[in-house]
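> Could you look at this predicted model? Sequence included:
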Amino acid sequence: MNAQVPDPLREQPGYTLIKALGTGAFGSVLLYRRQLTEGGPAEDVAVKVIARDECADYNLVSREVHSHRILVHPHVIRFKRLGLTPDRHYLYMVMEYADRGDLLDYLRRRGRFREHEARWFFQQLVFGLDYCHQRGVVNRDLKPENLLLKRTPDARQELTQGDLEHPFNLHLKIADFGLSKEGVHSLPKSRVGTVTYMAPEVLRAGPSRRYDGHKADIWSAGIVLYVMLFARAPFDDPLATTDKARRDATMQQILRGEWTAPASVPVAPECLHLLRGILCADPQARFSLAQIMSHPWFSVGLPPAALTMNTVLVRQQTVQPPPYEQTVDEVNAVLEEAQRKVAPAGGGGIGPGGEMTDSGFMTMIADELEEENRRGNAPYMVNPYPHGGAPPGAGGQAAGRR
Ligand SMILES: Nc1ncnc2c1ncn2[C@@H]1O[C@H](COP(=O)(O)OP(=O)(O)OP(=O)(O)O)[C@@H](O)[C@H]1O
């Protein structure tokens, strides 16, 4: 327990505060150990806490929760539950905990990735994104800060470099659905997200100019790939003297759609071909996820089953929904309760969405997909180079996996 960090869930049975993880636009994220039944298994969870009297927009919270709740995939942070603290002061969102920070921090500490390492993360990002899209969720805020890293269950000790894990010891998980939209047919009208990762059509968007969020996500994923390979953004003006000037210059460059790869960092021609297909200013001509997945640079080392796994998974989840911790009705009950007038301090009991130790729905649900991975049923998640950190040969043309 960390004595310096306020503990909003101190009266919530089963939750023990470990430390603060960070602060976002909507509140803070804290690491808790959760043990829902006495003597039962404990797990570390990340809990996003939002003070009710500071929550300006419940529609955004609702959108985030409803989009995120239905996503159950190895490369998406798992949403577990939404609750109200017993004192009614905080709304909290319980999520899977990614124990190795985010991709931006990892990149800063490790420096640019070699090509095969960038591919390892990019494959995971694309599989996670393809799954989200197949489930009808566009993210609209893909960037390295929102791509979290978690040690793989089969992480290899000899690949650890001090406190810095080797890429092949890490799984990438898409997080933060705060700007996401559910619904395949919805064309987001508003301009949201971070400029560096924004597609040109997003910058041009307005009430009468819509864009396809799927294509915009693909563009952002391409920027992430570029940043992993070259440790800089393709559109930027680092010499600008003010933040505004830098932002304006970046926007102009994105709108012109012109970028180059630094000559000082050689990458394979197939890699540049893929980047060109993704960072294509015309969303109609931009590569689709299917095109990316069948691209020769992308598919190195992947068993064929990896390319159809999402379709199979989505079909399975449509027929038999995964065991969500909360039903839609339970989530909606918490949201409704949260929007009622804030109760005076100490005035609350346990409400419809609160977690009661004796309630039936509190049984902790094992992470089936992690389990599946442990059993080896998710082929693309396996360290492709089990006998060392790098593939044979330069330039990252990886050996086959397994
Ligand atoms: N599931 C998680 N596991 C581990 N760390 C997390 C998790 N979710 C969030 N964090 C960390 O908590 C911090 C805040 O996250 P949060 O998603 O609230 O905000 P953000 O992404 O920084 O900003 P915003 O939501 O405003 O876009 C981030 O630095 C992130 O690394």
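Noted; the coordinates are in hand. Owing to the predicted nature of the structure, the values given are computational and were not obtained by experimental measurement.

> show me where the protein has strands.
Secondary structure of the chain (DSSP state E): strands at 15-24, 27-34, 43-51, 79-84, 90-96, 137-138, 147-151, 170-174, 181-182.

> of those strands, which approaches the ligand most closely?
Minimum separation from the ligand across these (Cβ to the nearest ligand atom) falls at strand 15-24, 2.2 Å. All C-beta atoms are positioned from the backbone trio N, CA, C, and that covers glycine.

> follow-up on the earlier one: how about the strands of the chain, which one is nearest P283?
strand 137-138 (12.8 Å; Cβ to Cβ).

> and the closest one, what other elements does it pack with?
Contact analysis of strand 137-138 by 3 or more Cβ pairs under 8 Å, 6 or more residues apart in numbering; DSSP states H and E lists strand 181-182, helix 213-230 as its packing neighbours.

> give me that answer again for 10 Å
Packing contacts for strand 137-138, counted by 3 or more Cβ pairs under 10 Å, 6 or more residues apart in numbering; DSSP states H and E, involve helix 58-69, helix 115-134, strand 181-182, helix 213-230.

> Just the mean pLDDT for it, thanks.
For strand 137-138, mean pLDDT is 92.

> Stretch 274-291 too?
Stretch 274-291 comes out at a mean pLDDT of 97.

> May I see the buried residues of that stretch?
274-275, 277-281, 283, 286-287, 289 (16 or more other Cβ atoms under 10 Å).

> Give me the subset of these lying in helices.
Per DSSP state H, helices hold the following members of these: 274-275, 277-278, 289.

> Dump those residues to TSV, plus distance to the ligand.
Listed next are these as TSV, based on distance: Cβ to the nearest ligand atom, whole Å:
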residue	distance to the ligand
L274	27
L275	25
G277	28
I278	23
L289	23
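
> Need the residue closest to the centroid of the protein.
Note on the chain: the residue nearest the mean C-alpha position is I174, at 1.4 Å, using Cα atoms, centre = their mean.

> could you dump the strands of the chain to JSON lines with distance to L125?
Below are those laid out as JSON lines (distance: least, Cβ to Cβ, whole Å):
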{"stretch": "strand 15-24", "distance to L125": "20"}
{"stretch": "strand 27-34", "distance to L125": "21"}
{"stretch": "strand 43-51", "distance to L125": "19"}
{"stretch": "strand 79-84", "distance to L125": "19"}
{"stretch": "strand 90-96", "distance to L125": "17"}
{"stretch": "strand 137-138", "distance to L125": "14"}
{"stretch": "strand 147-151", "distance to L125": "7"}
{"stretch": "strand 170-174", "distance to L125": "6"}
{"stretch": "strand 181-182", "distance to L125": "19"}
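
> Can you flag the weakest of those strands by average pLDDT?
When I compare the strands of the chain, strand 181-182 is least confident, with a mean of 54.

> quick revisit: farthest pair in the ones in helices among the buried residues of stretch 274-291?
Maximum distance among these (Cβ to Cβ): 15.1 Å, for L275 and L289.

> So which bits of this structure are right by the ligand?
21-26, 29, 46, 48, 77, 95-98, 102, 145-146, 148, 175-176, 178 (Cβ under 6 Å from any ligand atom).

> Quick check on the residues you listed: which are buried?
For these, a burial check counting by 16+ other Cβ under 10 Å picks out 21, 26, 29, 46, 48, 77, 95-98, 102, 145-146, 148, 175-176, 178.

> quick one on the thing from earlier: hmm, V76 and the residue nearest to the centre of the chain touching each other?
Yes: in this structure, I174 is within contact of V76 by Cβ atoms under 10 Å, at 4.9 Å.
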